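S.K.: sequence and predicted model, in that order:
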Amino acid sequence: MAKRKPTTKGFARTGSLLQQRIRQAGESRGFAVTRLLTHWPEIVGEDMAAMARPVDVKYGRQGFGATLTVLTTGANAPMVEMQREQLREKVNGVYGYNAISRLRVTQTAPTGFAEGQADFTYGRKEKPKPQPTPAIRAEAAHVAEGVGDDSLRAALERLAQTVLTRTRSQER
């Protein structure tokens, strides 16, 4: 079997030589993909986070800057596409420089695919709230007893119950 001759004659593409250095420079300036994943709703807003989520950040051959790929459902794709430039600006605003130069929108079914189903809901899992004890309820009523307006007094009692319950649960 004949050995294949290299066609580049010892030369390599400039992009392949610089790709790792560009990535290192981007990461040293605070550009990390995990930050996009963990803080996505804060970066783009709750409305956009409900429609799309980040999937991948890649450095391409087309020059400096990365390409952000976002996943959305087919019905929301036109909305995300119309807000593409605002989305890119919001992401770049977090990093303080033009980290993302291109944005690619990818569509999927609303329920995802069999292997990895796409879930567009962000948020922390809610812990069960501790219920106030009768002693805390009595203390909260004592705090708010001088208020004349009934609705304001009830609101202050609920607030006092919440604060006292959280304080006592953190002390344990």
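M.R.: All right, it came through fine.
S.K.: when you work out contacts or count neighbours from here on, use the C-alpha atoms and nothing else.
M.R.: Will do.
S.K.: can you pull out the helices in the protein?
M.R.: With DSSP state H, the ranges of helices along the chain come out as 14-28, 33-38, 40-44, 46-51, 77-82, 84-95, 134-143, 150-171.
S.K.: do you know which of these lies nearest Pro128?
M.R.: Minimum separation from Pro128 across the helices of the chain (CA to CA) falls at helix 150-171, 11.9 Å.
S.K.: which residues touch that closest one?
M.R.: Pro130, Gln131, Pro132, Thr133, Ile136, Arg137, Ala140, Ala141, Val143, Ala144, Glu145, Val147 (CA atoms under 8 Å, 6 or more residues apart in numbering).
S.K.: show the buried residues in these.
M.R.: For those, burial is judged from neighbour counts taken by 16 or more other CA atoms under 10 Å, and it is met by Pro132, Ile136, Arg137, Ala140, Ala141, Ala144.
S.K.: from Thr167, how far out is the closest residue to the fifth one other than its chain neighbours?
M.R.: It stands for Ala141. Nearest non-adjacent residue to Ala141, counting by CA to CA, 6 or more residues apart in numbering: Glu157, 5.7 Å away. For Glu157, the distance to Thr167 under the criterion CA to CA, to the nearest Å works out to 15 Å.
S.K.: quick one, which of the two is more surrounded?
M.R.: Glu157 (22 against 11; other CA atoms under 10 Å).
S.K.: shaky segments in this protein?
M.R.: Within the chain, the stretches with pLDDT under 70 are 1-34, 60-63, 110-127, 172.
S.K.: how about the CA coordinates for stretch 46-54, as CSV?
M.R.: Coordinates of the C-alpha atoms in stretch 46-54 are reproduced here as CSV (Å, rounded to 0.1, in the frame of the first residue of the first chain):
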residue,chain,number,x,y,z
GLU,A,46,-36.2,35.7,32.2
ASP,A,47,-38.3,36.0,29.0
MET,A,48,-35.4,35.1,26.7
ALA,A,49,-34.2,32.3,29.0
ALA,A,50,-37.7,30.7,28.7
MET,A,51,-37.4,30.7,24.9
ALA,A,52,-33.7,29.8,24.4
ARG,A,53,-30.7,28.3,26.2
PRO,A,54,-27.0,28.3,25.4
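S.K.: tell me which residues are up against that stretch.
M.R.: If you take CA under 8 Å, 6+ apart as the criterion, stretch 46-54 is touched by 36-37, 40-41, 68-73, 76, 80, 120-122.
S.K.: now, of those residues, which are buried?
M.R.: Among those, those scoring as buried are Leu36, Trp40, Pro41, Leu68, Thr69, Val70, Leu71, Thr72, Thr73, Asn76, Val80, Phe120 (criterion: 16+ other CA under 10 Å).
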